[in-house]
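S.K.: the following comprises the amino acid sequence and a computationally predicted model.
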Amino acid sequence: MRPLRLDFQPPRRSGPLGWGLLLAGGVLVLVCLAGQWYLDHQAGQQQGELHSTRRALSGDNERTPAATPAQTREQAQNLAEMRKVAQQLRRPWERLFATLESLPRKDIALLSLTPDARKGQLRLTAEARDLEAMLDFHRRLEASDELSDVSLLSHEIVAGAPEHPVLFNLSATWEIGDANP
């Protein structure tokens, strides 16, 4: 009889399929590492561009020299002027015009309107049919919500005209009320 040979662990054989899979896995690892390096490199470049753009937008550019005191004063003056203009534009112009248009003007003709939004004052030049119409217009302006401290600056009766109209100038304080500052 032949001897019995029991082999619980057969010898491992490496076939071409195993070596091919190993080689394909190695190539795949190299491709992934190269892709990761490329993405890291691109992200670093974009971060650098973002940083330089932020510096340029904020005015903190290392290549530009510091502003001289004269330039700093000029910038401060320009900024103050822009704030004044913005404040004037935020005034409630529509409400002022609506108030003036809502007044009865049967006997009154508005000739000019000179607002000073910075001081909050308004100057009106008008023509009235008679003194009573001028005084009534003055009272109505004083009673309005938009204007206060209405003062008669001057008046003149035009003697050369057939109906003797009254030319007059009024000054008033322009109230902001609940306007958004």
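M.R.: Thanks, I have it.
S.K.: any regions of this structure where pLDDT drops low?
M.R.: Of all residues in the chain, those with pLDDT under 70 make up the ranges 60-66, 176-181.
S.K.: which SSE is the residue nearest to Leu124 when sequence neighbours are not counted in?
M.R.: What sits nearest to Leu124 in space, not counting adjacent residues and going by C-beta to C-beta, 6 or more residues apart in numbering, is Leu170, at 4.5 Å. Using the backbone N, CA and C atoms, a C-beta is placed for each residue, glycine as well. Secondary-structure assignment from DSSP states H and E places Leu170 in strand 166-174.
S.K.: for that strand, buried residues please.
M.R.: Under the neighbour-count criterion of 16 or more other C-beta atoms under 10 Å, strand 166-174 has Val166, Leu167, Phe168, Asn169, Leu170, Ser171, Ala172, Trp174 buried.
S.K.: let me know the closest of those residues to Cys32.
M.R.: Trp174 (72.0 Å; C-beta to C-beta).
S.K.: tell me who's in contact with the closest one.
M.R.: Taking C-beta atoms under 8 Å, 6 or more residues apart in numbering as the contact definition, Trp174 lies against Arg91, Leu96, Pro115, Ala117, Gly120, Gln121, Leu122, Glu146, Leu147.
S.K.: can you pull out the helices in the protein?
M.R.: Applying DSSP state H to the chain gives helices spanning 16-58, 69-89, 93-102, 131-143.
S.K.: can you redo those as TSV with mean neighbour count and distance to Gln9?
M.R.: Below are these laid out as TSV (neighbours: other C-beta atoms under 10 Å; distance: least, C-beta to C-beta, whole Å):
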stretch	mean neighbour count	distance to Gln9
helix 16-58	10	18
helix 69-89	10	86
helix 93-102	14	96
helix 131-143	16	112
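S.K.: what about those helices, which gets the closest to Arg2?
M.R.: Taking C-beta to C-beta, helix 16-58 is the member of those nearest to Arg2, at 32.7 Å.
S.K.: re the thing from before, so the residue nearest to Leu124 bridges to which residues?
M.R.: Beta-bridge partners of Leu170, counted by DSSP bridges, are Leu124, Leu152.
S.K.: contacting residues around it?
M.R.: With contact taken as C-beta under 8 Å, 6+ apart, Leu170 is in contact with Arg123, Leu124, Ala126, His138, Leu141, Val150, Ser151, Leu152, Leu153.
S.K.: narrow these to those that are buried.
M.R.: Of all those considered here, the ones buried according to neighbour count by 16+ other C-beta under 10 Å are Leu124, Ala126, His138, Leu141, Val150.
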